[in-house]
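1. Fold the following.
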Amino acid sequence: MSRIGKQPIPIPGGVDVKISDRLVTVKGPKGSLSHQTPTLISAEVADGNILVKRIEDTKQGRSLHGLTRSLIANMVQGVTAGFSKTLEISGVGYRAEVQGNNLSLALGFSHPVVFQAPPEIKLEVAGGTRIVVSGINKELVGHVAAFIRSLKKPEPYKGKGIRYEGEQVRRKAGKSGAKK
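-> Coordinates of the predicted model:
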């Protein structure tokens, strides 16, 4: 039995969970999310908890059991508390600013890079060098943060670029010595 899959998911106050056929819908104070469970997995609400169970004990059923439970638990956490990722910009003249739902980035190119965020994602810029990506869908928050980071990954010589908060960039030594 999956150690993660067999754990019940507690439903906090103010969260409404509906399961119809294989569609799990979670509504909370921050919004609503839904997920279609695989055919090998079933979900039910009992005693204020969501229970995820396997229909068949096959290899694929076992592998989807813990995954489905984690996805539903992330939905419950997303509609109550939400998720966020913080990015840091380092480099001379590198900065960011929010214009409506667009993020304008000055990253050393000849033009500003403009990123239009999905409507479910909220972008904030603090001090011009810290970008906070937040939303209720954990997968979408991570995807948007990874895309923004990919616009200018931190380079190994001076460390300039966009990195996650707390990310360590392995630095390389530059050229040493002069020609003789």
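
2. going forward, measure contacts between C-alpha atoms and count neighbours the same way
-> Will do.

3. beta partners of Ala46?
-> Asn49 (DSSP bridges).

4. Leaving out the residues flanking it, which one is nearest to the residue nearest to the spatial centre of the chain?
-> Residue closest to the average C-alpha location in the chain (Cα atoms, centre = their mean): Gly142, at 2.6 Å. Closest residue in space to Gly142, ignoring its immediate chain neighbours: Lys85 at 7.2 Å, by Cα to Cα, 6 or more residues apart in numbering.

5. ditto for Val98
-> Closest residue to Val98 in three dimensions, ignoring its sequence neighbours and counting by Cα to Cα, 6+ apart: Ser104, at 6.2 Å.

6. Doesn't the one you found lie inside a strand?
-> Yes: secondary structure assignment (DSSP: H, G, I helix; E, B strand; the rest coil) places Ser104 inside a strand.

7. In contact with it, which residues?
-> With contacts defined as Cα atoms under 8 Å, 6 or more residues apart in numbering, the neighbours of Ser104 are 96-98, 112-115.

8. By neighbour count, which of those residues wins?
-> Neighbours here are counted as other Cα atoms under 10 Å. On that basis the top member of the contacts of Ser104 is Ala96, with 24 neighbours.

9. Next, His65: secondary structure please.
-> Applying three-state DSSP to His65 yields a three-state assignment of helix.

10. distance of it from Glu56?
-> Going from His65 to Glu56 by Cα to Cα, to the nearest Å gives 10 Å.

11. Next: Ser84.
-> 36 Å.

12. same thing with Leu105?
-> According to Cα to Cα, Leu105 and Glu56 sit 50 Å apart.

13. now Leu151
-> Distance from Leu151 to Glu56, by Cα to Cα: 44 Å.

14. Specify which member of the contacts of Ser104 is nearest to Lys18.
-> When the contacts of Ser104 are compared for distance to Lys18, the smallest value, 35.1 Å, is given by Phe115; criterion: Cα to Cα.

15. Thought Ala106 was touching the closest one, still the case?
-> No: under the criterion of Cα atoms under 8 Å, Phe115 makes no contact with Ala106, lying 11.4 Å away.

16. Show me the domain layout of the protein.
-> Per the record's domain assignment (automatic domain parsing), the chain is made up of the domains 9-80, 83-164.
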